[in-house]
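Trainee: One predicted model, sequence on top.
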Amino acid sequence: MEAIDPSTGARIETYEEHTESDVTEALDRATEAFDDWRARSIRDREQLLAAAGEVLRENKREYAETITREMGKPVTQSLSEVEKCARVCDHYAEHASAYLDSDPHPSPPGSTVRTEYEPLGAVLAVMPWNFPFWQVFRFAAPYLAAGNVGLLKHASNVPGCALAIEDVFREAGCPEGVFQSLLIPSDLVDDVIADDRVRAATLTGSGPAGRSVAATAGDHLKKTVLELGGSDPFVVLDDADVETAAETGAWARNLNGGQSCIAAKRFVVHTDVYDDFLDAFVDEIDSLAVGDPMDEETEVGPQAREDLMVELHEQVAESVDAGATIVTGGEPLDREGIFYPPTVLTDVPEGCPADSEETFGPVATVYEVADEDEAVDKANDTNFGLGASVWTEDRDRGERVAGRIDAGCVYVNQLVKSDPRVPFGGVKDSGYGRELSEVGITEFVNRKTVWVE
Ligand code: NDP
């Protein structure tokens, strides 16, 4: 497995893939560790999570630089990512006991009935490279707190991150086998899911990868949580604060080089404010500092992999052939590394790639709509349903419009973001199940009814 620096194209390091017997040993270790881990008190597990948060904070510069080197995120954003991972550890260190407290039920006379939350065992997590620490801690913190043990199959372009995360849990004091990284290619994932020692699977990534994992897990009657792509609408109504919407929208599209499932991708703008919004939005986009991701001034770094940038540019080129207009950007940058400029498209025909597919890079499409109904129709005109953002000075109107959008979350006058305290996940082709909050921690547990007469 090779780690390549996308800002230069240079190879950073080569890692030996794990063999079949390495995987078997890891699964044995996971099974052994589970017996001890589930028997510990929740308080004990909470303390180890708090310790993992401390390890993250103590070494945040080192981890941030590993992220930036392997996938090109600007280092300031990598630092924020590591801090957010520490916060999700803190969150479950503080709240896991309450979230997993047994629920009493109204009981028939002479009996007591309650629900206990018991862990399932080893959970396989197939994770992507775009937030290589956050996506992992988002599953690991709640599932480990619940008493499960974790197996990580990370994206093949971030092996250094995968091993660094394993070290975080080791340094925090978690016993061997509680959290392990498997350096394996994706074609070995089915065998791991099929193994009796693995009890559930979670995947964050593309639709095809999600379908494959869900099909195999279904064959073996194992539960899955899928967090797939998105094509989030960013709806600007006629009474919006246009300047703030434009500034936030530019950031919501270009954070992480545009490689985020919850990035705002389709900007749906009321005709009365369309020209003002477009001018302000393009000014903001053009002012973003693109460059060396290790430079603290950089706001947009390289794309993570060459093949993904080629795919993104094909989506733009096909959309332009179909009639879309490039307002800014639109061609890979002529410089060392894998750089695509922040790009804005207008006159985007229905059904062209930039309209109907997820664009996983810094490409925004802007649509002009006549009224609120047309805005809602355009917002919902997608196979995805992850997040949405609505901009209006009238909060009641914002809530009304939020209720009409098919998505896992809608933010009014705010960009879409994940937060340890609130559930996160999608509908339609964006997947199913929820991560984070009290909902995330109970996705992979046995809700056991105990009836005592
Ligand atoms: P993938 O979905 O291919 O990769 C995500 C993870 O799934 C990786 O660990 C990958 O392993 C693994 N994987 C891939 N195929 C399978 C499979 N058939 N069975 C089991 N595991 C599999 O994403 P890419 O990195 O190729 O990116 C492609 C597109 O996916 C992006 O352009 C974007 O649209 C979407 N995406 C969405 C993300 C999100 O946050 N929802 C994150 C990343 C991508 P390996 O790396 O070894 O192939």
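Mentor: Yep, it's here.

Trainee: near the ligand, which residues of this structure show up?
Mentor: For the chain, the contact set with the ligand under C-beta under 6 Å from any ligand atom comprises 126-130, 153-156, 185-186, 189, 204-206, 209, 212-213, 227-229, 261, 308, 358, 360. Heads up, the C-betas are built off the backbone N, CA and C, glycines and all.

Trainee: Tell me the buried residues within those.
Mentor: Neighbour counting by 16 or more other C-beta atoms under 10 Å classes 126-130, 153-156, 189, 204-205, 209, 212-213, 227-229, 261, 308, 358, 360 among the residues of the chain next to the ligand as buried.

Trainee: ranges for the strands of the stretch 351-453 of the chain?
Mentor: Taking DSSP state E, counting those that start in this stretch, the strands of the stretch 351-453 of the chain run over residues 363-369, 387-391, 409-412, 431-432, 445-452.

Trainee: got CSV for these, with distance to residue 173 and mean pLDDT too?
Mentor: Converted to CSV, the strands of the stretch 351-453 of the chain look like this (distance: least, C-beta to C-beta, whole Å; pLDDT from 0 to 100):
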stretch, distance to residue 173, mean pLDDT
strand 363-369, 44, 98
strand 387-391, 36, 98
strand 409-412, 35, 98
strand 431-432, 33, 98
strand 445-452, 23, 95
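
Trainee: Helix or strand next in line after the helix or strand encompassing residue 44, which one?
Mentor: For residue 44, the host element (DSSP states H and E) is helix 42-58. Toward the C-terminus, helix 42-58 is succeeded by helix 60-71 as the next helix or strand (DSSP H and E).

Trainee: Just want the angle from that next one to helix 42-58.
Mentor: Using axes from the mean of the first three to the mean of the last three C-alpha atoms, to 10 degrees, the inter-axis angle of helix 60-71 relative to helix 42-58 is 80 degrees.

Trainee: moving C-terminal of helix 60-71, what's the next helix or strand?
Mentor: As assigned by DSSP H and E, the chain's next helix or strand after helix 60-71 is helix 75-99.

Trainee: Show me what counts as buried in that next one.
Mentor: 75-82, 84-93, 95-96, 99.

Trainee: Over to stretch 190-204?
Mentor: Using 16+ other C-beta under 10 Å as the burial criterion, the residues of stretch 190-204 that qualify are 190, 192-193, 195, 197-204.

Trainee: Also stretch 205-225?
Mentor: Buried positions in stretch 205-225, judged by neighbour count with 16+ other C-beta under 10 Å: 205, 207, 209-210, 212-214, 216-217, 222-225.

Trainee: Same question for stretch 360-376.
Mentor: Buried, per 16+ other C-beta under 10 Å, within stretch 360-376: 360-369, 372, 375-376.

Trainee: Out of those, which comes closest to residue 25?
Mentor: Of all those, residue 360 has the smallest distance to residue 25: 35.2 Å, by C-beta to C-beta.

Trainee: If we ignore the residues flanking it in sequence, what's nearest that closest one?
Mentor: In space, and not counting its chain neighbours, residue 360 is closest to residue 259: 5.4 Å by C-beta to C-beta, 6 or more residues apart in numbering.

Trainee: Please identify the helix or strand for residue 123.
Mentor: Using DSSP H and E, residue 123 falls within strand 122-126.

Trainee: got a pLDDT number for the spatially most distant residue from the centre of the chain?
Mentor: Farthest-out residue of the chain from its mean C-alpha position, per C-alpha atoms, centre = their mean: residue 110, at 47.7 Å. If you check residue 110, the pLDDT there is 92.

Trainee: re earlier: can you report phi and psi for the residue nearest to residue 360?
Mentor: With angles defined as degrees, to the nearest 10, residue 259 sits at phi -100, psi 70.

Trainee: Was I right to think it contacts residue 363?
Mentor: No: Residue 259 is not in contact with residue 363 according to C-beta atoms under 8 Å; the separation is 10.9 Å.

Trainee: rewinding a little: which among the strands of the stretch 351-453 of the chain is found nearest to residue 314?
Mentor: strand 363-369 (11.4 Å).

Trainee: Against which helices or strands is the closest one packed?
Mentor: With contacts defined as 3 or more C-beta pairs under 8 Å, 6 or more residues apart in numbering; DSSP states H and E, strand 363-369 has these neighbours: strand 264-270, helix 274-286, helix 306-321, strand 343-346, helix 353-356, helix 372-380.

Trainee: What number of residues are in the vicinity of residue 307?
Mentor: Counted with other C-beta atoms under 10 Å, the neighbours of residue 307 add up to 10.

Trainee: Okay, and which of the buried ones among the residues of the chain next to the ligand map to strands?
Mentor: Of those, the ones assigned to strands by DSSP state E are 126, 153, 204, 227.

Trainee: Residue ranges of each domain in this structure, please.
Mentor: Per the record, the chain has its domains at 2-228+428-452, 232-412, by automatic domain parsing.

Trainee: Of those domains, which is nearest residue 419?
Mentor: Among these, domain 2-228+428-452 sits nearest to residue 419 (C-beta to C-beta), with 7.1 Å.

Trainee: Return the distance of the residue of the stretch 351-453 of the chain found nearest the ligand relative to residue 84.
Mentor: Per C-beta to the nearest ligand atom, residue 360 is where the stretch 351-453 of the chain lies closest to the ligand, at 3.3 Å. As judged by C-beta to C-beta, to the nearest Å, residue 360 and residue 84 stand 21 Å apart.

Trainee: Closest to the centroid, which residue in the protein?
Mentor: Closest to where the C-alpha atoms of the chain average out (C-alpha atoms, centre = their mean) is residue 135, at 5.3 Å.

Trainee: now the one helix or strand that one maps to, how far from the centre of its chain.
Mentor: Assigned by DSSP H and E, residue 135 belongs to helix 134-145. Relative to its chain's centre, helix 134-145 lies at 12 Å (C-alpha atoms, centre = their mean, to the nearest Å).

Trainee: same check, this time on stretch 100-110
Mentor: A distance of 36 Å separates the centroid of the chain from that of stretch 100-110, by C-alpha atoms, centre = their mean.

Trainee: what does stretch 97-112 give?
Mentor: Centre-to-centre, stretch 97-112 and its host chain are 34 Å apart (C-alpha atoms, centre = their mean).

Trainee: tell me which residues of that stretch are tucked away?
Mentor: Buried residues in stretch 97-112, counted by 16+ other C-beta under 10 Å: 99-100.

Trainee: list the contacts for residue 439?
Mentor: residue 423 (C-beta atoms under 8 Å, 6 or more residues apart in numbering).

Trainee: How many neighbouring residues does residue 323 have?
Mentor: Neighbours of residue 323 under the rule other C-beta under 10 Å: 10.

Trainee: Okay, it and residue 346: tell me how far apart.
Mentor: With distances taken as C-beta to C-beta, residue 323 is found 10 Å from residue 346.

Trainee: Neighbours of residue 329, how many?
Mentor: Here the count is done by other C-beta under 10 Å, and residue 329 has 21 residues near it.

Trainee: Across the sheet, point out what pairs with the closest residue to it other than its chain neighbours.
Mentor: Once flanking residues are discounted, residue 329 sits nearest to residue 343: 3.0 Å by C-beta to C-beta, 6+ apart. Beta-bridge partners recorded for residue 343 (DSSP bridges): residue 363.
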